[in-house]
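Colleague: Return a 3D structure for these sequence lines:
(one chain, ligands or ions: 1)
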Amino acid sequence: MSYETLLTESRGAVALVTLNRPKALNALNSTVMAELADALAGFGKDETVGAIVLTGCEKAFAAGADIKEMQGIDFVDAYLGDFIFGWEAIASVRKPMIAAVSGFALGGGCELAMMCDVIIASETAKFGQPEITLGVIPGMGGSQRLTRAIGKAKAMDLVLTGRMMDAAEAERAGLVSRIVPAERLMDEALEAAAKIAAFPRAAVLMAKEAVNRSFEATLSEGLRFERRLFHSLFATADQKEGMAAFIEKRKPEFSNR
Ligand code: HXC
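Modeller: Sure, this is the predicted structure:
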């Protein structure tokens, strides 16, 4: 597929999606959101793809929702148009998504990174929810996902003051999975995605589903959910292969069955 605001490619079992509005620091306008939802849905259905890397440009992963597009919207437009609809489709992709973040990940950009499962950040990354400085608040899940990721104290600090945190602070706070030197960012993200994509697909999807369940369920419900998924994996050929290969001291050959 070719898009106006994205570059997409498959590299083996990994899909790479690059936000491509560098002059606007990858501000998320309605075209970006629609194209992103379309591209991710396509890779979600593509059986050759096992994991997805989402990235931006060197200066910005994404500097937020497009302020120029938002400026003229009134309440009725926002409400009736369910602005900014469509991001749920991005957050509900079943395959693992890695955000490779360089530069600014602000507002909707930070929220987009948080919709991914793993955030790998360059040393240059800066995260923040500066919506308050524009007279609004996070609208794509920031007040909820950021709080779950880094706790109330830091989330309140960021959301109320609009300040940015650098990669080191974001990692200490638990938002970022790994920090790497800028020149290693894409290799590290693509290697991690390739590693994930080579594992049995059903186990990978269930692992993601189980971890995400912890945000929705009580501990006892989450543990029960995990156990049911765990049990179900013993019905797969890949469980037999993975365990046999370990015992026979050889590399497993997974079939995604
Ligand atoms: C539209 C944006 C933009 C944005 C940057 N640009 N961010 N355009 N929407 N969010 C544009 C600028 O207008 C400028 O275009 C070009 O990108 C380069 O930006 P500069 O400001 O010149 O760069 P710099 O001085 O390096 O500053 C970088 C920055 C700053 C600190 C990231 O651009 C900034 O503060 N951006 C806004 C960040 C923000 O408030 N994000 C939250 C948005 S609200 P021109 O044409 O002038 O050269 C949000 C709500 C989410 O995300 C919820 C949705 C429902």
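
Colleague: Residue numbers of the stretch 1-150 of the chain in contact with the ligand?
Modeller: Within the stretch 1-150 of the chain, the positions adjacent to the ligand are 24-25, 27, 63-68, 84, 104, 106-108, 130-131, 134, 138-140 by CB under 6 Å from any ligand atom. For every residue, glycine as well, the C-beta is placed using N, CA and C.

Colleague: Neighbours of Ala155, how many?
Modeller: For Ala155, the count of nearby residues is 22 (other CB atoms under 10 Å).

Colleague: how much space between it and Cys116?
Modeller: Look at Ala155 and Cys116: by CB to CB, to the nearest Å, they are 18 Å apart.

Colleague: ditto for Ala197
Modeller: According to CB to CB, Ala197 and Cys116 sit 15 Å apart.

Colleague: again with Leu190
Modeller: The gap separating Leu190 from Cys116 is 14 Å, by CB to CB.

Colleague: and the residue lying closest to Thr18 once chain neighbours are set aside, what is it in contact with?
Modeller: Once flanking residues are discounted, Thr18 sits nearest to Leu7: 4.2 Å by CB to CB, 6 or more residues apart in numbering. By CB atoms under 8 Å, 6 or more residues apart in numbering, the residues touching Leu7 are Leu16, Val17, Thr18, Asn20.

Colleague: got the domain boundaries for the protein?
Modeller: 6-197, 200-248 (the TED database).

Colleague: Columns mean pLDDT on top of those domains, output as TSV?
Modeller: Output for the domains of the chain, formatted as TSV (pLDDT from 0 to 100):
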stretch	mean pLDDT
domain 6-197	97
domain 200-248	98
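
Colleague: Can you flag the buried ones in the residues of the stretch 1-150 of the chain next to the ligand?
Modeller: Listed as buried from these are 24-25, 27, 63-66, 84, 104, 106-108, 130-131, 138-140; burial here means 16 or more other CB atoms under 10 Å.
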